[in-house]
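A.B. asks: compute the structure for the input listed below.
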Amino acid sequence: MQILERIELNRNVKVIQIPIGDEHELLQGEIVGITQEMGGNFTIMARGNFYQLKGEDADAIGKEMQEIKTPEHSEKDLNNPVDEEKIWEQLRTVHDPEIPVNIVDLGLIYSLKIELLPDGKGNKVVVDMTLTAPTCPVGPMIQSEAKQKISSIAGVTEVEVNLVWEPQWDRAMMSDAAKLKLGML
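C.D. replies: The predicted model follows:
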């Protein structure tokens, strides 16, 4: 990955090592290289390794802090179905930190269902998704981020993001835009 910008950390910050998934702390004054800024998070290089820096910690690299939205539910939101396109929009903001393409264009989302809860108090969203490889160590991170971003939509009160392995993912599932971005077209 190409380093887009080098920055000195202005405070200590917790990061997740890619692709291992272990949490580390980078220290104030360390020089890091930003290699990717997508979906509100950053992929940075430090100490010879890649790390994911969450958007809420963007101030550590002098960037604008990304807010985590908490949904505000009105009675209207809870009693009406959620707009499916809003969910797809949120999923397009989730990226594998190793690949500069969102999980929708990578073809990782296999199904999306919206159910109005029987008690009329909101909507449940169920997503079946896969990973580019079953052994992907950042899979739980991607799954958690997808759940968090869907949960931020008004009217969504429950979210289930399931990892599935059938059919097995392959590059043919990627959108043409993803293939173009990755130099495969």
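A.B. asks: when you work out contacts or count neighbours from here on, use the C-alpha atoms and nothing else.
C.D. replies: Will do.
A.B. asks: walk me through the domains of the chain.
C.D. replies: As recorded under automatic domain parsing, the domains making up the chain are 5-61, 75-181.
A.B. asks: tell me the mean pLDDT for the last one?
C.D. replies: Model confidence over domain 75-181, given as mean pLDDT, is 90.
A.B. asks: now do the residue located most distally from the centre of the chain against V161, distance only.
C.D. replies: In the chain, the residue that sits farthest from the middle, by C-alpha atoms, centre = their mean, is D119; the gap is 30.2 Å. D119 sits at a distance of 22 Å from V161 (criterion: C-alpha to C-alpha, to the nearest Å).
A.B. asks: just to be sure, A177 is in a helix?
C.D. replies: Yes: with DSSP: H, G, I helix; E, B strand; the rest coil as the criterion, A177 is part of a helix.
A.B. asks: so what does the top helix by length along the chain touch, helix or strand wise?
C.D. replies: In the chain, assigned by DSSP state H, the helix with the most residues is helix 139-151. Contacts defined by 3 or more C-alpha pairs under 8 Å, 6 or more residues apart in numbering; DSSP states H and E place helix 139-151 against helix 84-91, strand 156-163.
A.B. asks: sec struct for the residue farthest from the centre of the chain, please.
C.D. replies: Using three-state DSSP, the structure places D119 in coil.
A.B. asks: how close does it sit to E84?
C.D. replies: Distance, D119 to E84, by C-alpha to C-alpha: 21 Å.
A.B. asks: same question for A133.
C.D. replies: Counting by C-alpha to C-alpha, the gap from A133 to E84 is 27 Å.
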